[in-house]
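Asker: Predicted structure and sequence below. I'll ask about it afterward.
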Amino acid sequence: MRSRALALVLVASVAAGCENKTLFLSALPAPANLAYQLEPSGDPNQPAGILLVWDDETDPSLASYRIYSRGLEQRRLGATRLRLPPTTFHDNGVPHLQYYVTAVDVDGNESDPSAAVTVDERLQLDRPASLTSISLNGAIDLLWADNAYTSDPGRFKWYRIYSTGYNLDTGLCGASWFLEGTTVAPEFLSGALVDGVPRCFGVSAVSSEGYESLWSPLRQDTPRPDARNVLVWAYQAQPAASRAFRFWNDGNHDGHGAAPPSWAWWPTATAPTSTSGFYRDPDRLVRLWIVPEFTGTSVRTYAATPLADLTSIDFAPDSGYTRNMIEAVPGYGYVFQIIEGQTVRYGALRVTHVGRDYLIFDWSFQTDPGNPELQLRGKLPVAHATGGTVAGAM
């Protein structure tokens, strides 16, 4: 039999208006409507594979199909028989440039080839133009530009989100990336993360044919614990009860919060071991004071005016902290700097209510040493981006 490469050339010649001369003897028609779907791998230049699909032929003399591809040289991939999925074929690994299919009858004669499909990386969608993030308790909320969809909505399929570790000291993302998930929306919540452990993220766009775009700019961020509506008593009101508050207690000395009791906030009955105590004004007016108790702990007011929400405290200031007590005022935010040896950590607190004997507040804490990100978002209406863009994005 003549070369299959010659058969593919004849198909192109017919399309150009040349005389149709088939090399095959079977009376079966050429398989129709050959299409393909690429399998993204994370590398836009190296898909994980290709899935070919075509219309079924109902002629009873059909025995099997043969699939051919052409890269630098012609090759025949294999044959699918009717007892197998009859009109699909998967080619694992980086796809070849072109594919076509023939039908084979019971006598072994082969039909004319189908129209060839061409794998063309120029069909990739635009990369997401930007990527931002918001640190949460055990999670990172990711948001990115939706330009891949808006530029070609008819061919857009979904986004793929990847993550790896991040080294704050070197400013570099890790080398082993993992698929976090896929979504059609320009946002994604990456959950089940360990508080205080930095992560690096990237997003790609996938077309309806499976072409994966270049990645968005890379983004690093760090989850941290938080809580709402914590009630703590003043020291004079409940000396042996919940009248102090501690952001951080690294019970297993691993340097980050894996699970309670590795990290936790809790009221404590021993004032010298607490991060902060709350003391009632001696004149018994409705005034309570925040008093840094633990060695190395200092506090400052975040702003000169009340805050709309704890979300208004995004990054801890560099300076302005004091060991002196500060009055707890409803609506105001406070930032704590906690120094333990050579380690610095930050916590935030916003007072929501001050009573005669207790106060209620919201808080967030960054367990990652030296990391000033304190943003809480959840389902709240106000939020600001945290984290940062990483140099060397794909």
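Answerer: That came through fine. Numbering: from 1, shown residues only.

Asker: How about Asn92: what's its closest non-neighbour residue?
Answerer: Once its chain neighbours are removed from consideration, Asn92 has its nearest residue in Gly49; the separation is 4.6 Å (CB to CB, 6 or more residues apart in numbering). Where you see a C-beta, it was placed from the backbone N, CA and C, and this is true even at glycine.

Asker: I figured that neighbour was touching Asp91, is that so?
Answerer: Yes: because the distance of 6.0 Å satisfies CB atoms under 8 Å, Gly49 is recorded as touching Asp91.

Asker: still on that earlier bit, dig out what the residue nearest to Asn92 forms beta bridges with.
Answerer: For Gly49, the residues forming beta bridges with it (DSSP bridges) are Glu39, Asn92.

Asker: what about Glu293, distance to Phe89?
Answerer: Between Glu293 and Phe89 the distance, using CB to CB, to the nearest Å, works out to 70 Å.

Asker: For this protein, give me the ranges with low pLDDT.
Answerer: Scanning the chain for pLDDT under 70 picks out 1-25, 72-85, 238-244, 248-286, 375-387, 391-394.

Asker: tell me the domain ranges of it?
Answerer: For the chain, whose domains are defined here by automatic domain parsing, the residue ranges read 4-119, 124-223+385-390, 226-366.

Asker: Nearest to Leu374, out of the ones you listed?
Answerer: Taking CB to CB as the criterion, domain 226-366 is the member of those that comes nearest to Leu374, at 4.3 Å.

Asker: Setting the sequence-adjacent residues aside, check what's closest to Asp357.
Answerer: Take Asp357 and drop its neighbours on the chain: the residue closest to it by CB to CB, 6+ apart is Ala237, 3.6 Å away.

Asker: ok, Ser204 touching Tyr211?
Answerer: No: with contact defined as CB under 8 Å, Ser204 does not reach Tyr211; the gap is 10.0 Å.

Asker: More neighbours: which of the two?
Answerer: More neighbours surround Ser204 than the other of Ser204 and Tyr211, with 26 against 22 (other CB atoms under 10 Å).

Asker: my read: Val106 touches Ser61, true?
Answerer: Yes: counting by CB under 8 Å, a contact exists between Val106 and Ser61, whose distance comes to 5.4 Å.

Asker: So these two - more neighbours on which side?
Answerer: In this comparison of Val106 against Ser61, neighbours counted by other CB under 10 Å, the higher total goes to Ser61 at 14 against 11.

Asker: which residues touch the nearest residue to the more buried one once chain neighbours are set aside?
Answerer: Taking CB to CB, 6+ apart as the measure, Ser61 lies nearest to Asp105, with 4.4 Å between them; neighbours along the chain are not counted. If a contact means CB atoms under 8 Å, 6 or more residues apart in numbering, then Asp105 has Ser26, Ala27, Leu28, Asp59, Ser61, Leu62, Ala63, Ser111 as its contacts.

Asker: okay if I get those residues as TSV plus distance to Ser163 and secondary structure?
Answerer: TSV is the format used below for the contacts of Asp105 (distance: CB to CB, whole Å; DSSP: H, G, I helix; E, B strand; the rest coil):
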residue	distance to Ser163	secondary structure
Ser26	51	coil
Ala27	55	coil
Leu28	49	coil
Asp59	50	coil
Ser61	53	coil
Leu62	47	strand
Ala63	48	strand
Ser111	48	coil
